[in-house]
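Engineer: I would like the atomic coordinates for the input below:
(one chain, ligands or ions: 1)
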Amino acid sequence: MASRKVINFAPGPAKLPEQVMKQAQDEFVSFGESGISVLEMSHRGSDFLDIINTAENNLRDLMNIPDNYKVLFLQGGGNGQFAAVPLNLMNFKPGCKADYIVTGSWSAKAAKEAEKYGQVNYVLPNMKDYTSIPDVSEWKLDPEASYVYYCDNETVHGVEFHFIPDTNEVPLVVDMSSNILSRPIDVTKFGLIYGGAQKNIGCAGVTVVIVREDLLGHAQPICPTIFDYRVQAGNSSLYNTPPTFSIYMMGLVFKWLVQQGGAHAMKDLSNEKSSIIYEVIDQSNGFYCVPVEPTARSRMNICFRIGSKDGNATLEKLFIEGAAKKGMQSLKGHRSVGGIRASVYNAITIEETQALATYMKEFKRQNHLN
Ligand SMILES: *Cc1c(COP(=O)(O)O)cnc(C)c1O
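Structural biologist: So this is what the prediction gives:
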């Protein structure tokens, strides 16, 4: 395999484990004894059925998913679920309404999409910028809501929940696109969990949906059949042609995760990696700053500024260019917020994180404002 001399801090699609890439390469032209590529095989043939079933079983083990939850592998990405969730669940209770906890641009987008299909109650006061999770005492939850929706890790703003909201029996729906399998979670606390694969568990094209059985069968009549969870569950995600290669890649990542020690190991790894970077920031005497409140800092997407909380455009540009010269790619913050964002998903190693920390210290020495 051509050597990979870069460190890819991209927010998604993101770095995949080298071992996974290597195995995919080895099997690319002919998978196992089949004589054909995964790209070329029937989604109903025994080889692919084995791939998809093994992926599901490994995911069930990794996340400790109880039997009364269905696992679906769907298309349409996170944005697809912004629509599929209200289309399937808003009618769970009379009134067709849902609570949305908006803590960043992804949950904001999800709430906006849901407004097409029912009544959206905004749980939090409107925030100018997304830098914190308001105290639970300020939340306005509606006990009649069909579900409560939130995003566990806001990829653009670097805001992550470090607790599971208590919704008092109202089903909890979570977007875990950018932190799924980065720590163990108690699946039984949720009605539905979903995540696009391209950040933490694979490549673009497949979205995992884990849904409690009693929530199936309430889809609105206008719900497209391919987005109807009951239909997809009844057909083991094979109602139509699924994204076969993306499911295969995700399955390889699950096997890799099992070998690495699963969600517990990923939690330790994520804590260690994010601490390495946040420590450099916190010990920089204000040269680097994190706009997000300490209690809501993301372990996955570390967003920071140089000079002040509003950033210094010249220094930030210099920082990103200097990093690129050292092979550290995709550190530019999202265009809507600016600044720097280091995405340190599961495939990013401690050594790669340390290389960034070293560069940050060096850059500070060379560009200190005083
Ligand atoms: C990337 C992302 C999305 C959008 O995913 P698409 O597959 O591009 O639609 C949604 N939610 C979160 C948290 C994300 O990080």
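
Engineer: residue ranges with poor pLDDT in the stretch 51-200 of the chain?
Structural biologist: Within the stretch 51-200 of the chain, not a single segment meets pLDDT under 70.

Engineer: Could you pull out the strands in it for me?
Structural biologist: Taking DSSP state E, counting those that start in this stretch as the test, the strands found in the stretch 51-200 of the chain are 69-74, 97-100, 119-122, 148-151, 153-154, 159-160, 172-175, 192-196.

Engineer: highest average neighbour count across these?
Structural biologist: Looking across the strands of the stretch 51-200 of the chain with neighbours counted as mean count of other CB atoms under 10 Å, the highest average goes to strand 153-154: a mean of 28. Using the backbone N, CA and C atoms, a C-beta is placed for each residue, glycine as well.

Engineer: What pairs with it, parallel or antiparallel?
Structural biologist: Taking DSSP bridges as the criterion, strand 153-154 pairs within the sheet with strand 159-160 (antiparallel).

Engineer: anything in the partner strand near the ligand?
Structural biologist: No: with CB under 6 Å from any ligand atom as the threshold, strand 159-160 lies outside contact range of the ligand, at a closest distance of 10.2 Å.

Engineer: From the chain's centroid, how far away is that strand?
Structural biologist: Using CA atoms, centre = their mean, to the nearest Å, the distance from the centre of strand 159-160 to the centre of the chain it belongs to is 11 Å.

Engineer: who touches it?
Structural biologist: Residues external to strand 159-160 that are found in contact with it (CB atoms under 8 Å, 6 or more residues apart in numbering): 103-104, 130-133, 152-154, 179, 292, 296-300.

Engineer: please redo it, this time with the cut-off set to 10 Å
Structural biologist: Counting by CB atoms under 10 Å, 6 or more residues apart in numbering, strand 159-160 makes contact with 103-104, 106-107, 130-133, 151-154, 178-179, 182, 274, 291-293, 295-301, 303, all of which sit outside it.

Engineer: Equivalent analysis for stretch 37-53, please.
Structural biologist: 24, 27-36, 73, 236-238, 240-245, 247-252.

Engineer: how about 6 Å then?
Structural biologist: Where contact means CB atoms under 6 Å, 6 or more residues apart in numbering, the residues beyond stretch 37-53 that reach it are 29, 31, 34, 241-242, 244-245, 247-248, 251.

Engineer: chain center to that stretch: distance?
Structural biologist: Distance of stretch 37-53 from its chain centroid, counting by CA atoms, centre = their mean, is 26 Å.

Engineer: Quick one: end-to-end length of that stretch, please.
Structural biologist: This stretch, stretch 37-53, spans 18 Å end to end (CA to CA, to the nearest Å).

Engineer: Identify each buried residue in it, please.
Structural biologist: By neighbour count, with 16 or more other CB atoms under 10 Å as the criterion, the buried positions of stretch 37-53 are 38, 41, 43, 48, 51-52.

Engineer: Within range of the ligand, give me the residues from the stretch 51-200 of the chain.
Structural biologist: Residues of the stretch 51-200 of the chain found near the ligand (CB under 6 Å from any ligand atom) are 77-79, 106, 151, 155, 175, 177-178, 196, 199.

Engineer: So how do I select the buried members of those residues in ChimeraX?
Structural biologist: What follows is the ChimeraX syntax selecting those of those that are buried according to 16+ other CB under 10 Å:
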select :77,78,106,151,155,175,177,178,196,199
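
Engineer: So which of the residues of the stretch 51-200 of the chain next to the ligand sit within helices?
Structural biologist: 77-79, 106 (DSSP state H).

Engineer: circling back to that earlier point, format the residues of the stretch 51-200 of the chain next to the ligand as CSV; extra columns: distance to residue 116.
Structural biologist: Rendered in CSV, the data for these read as follows (distance: CB to CB, whole Å):
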residue, distance to residue 116
77, 17
78, 16
79, 13
106, 17
151, 18
155, 23
175, 17
177, 20
178, 24
196, 20
199, 25
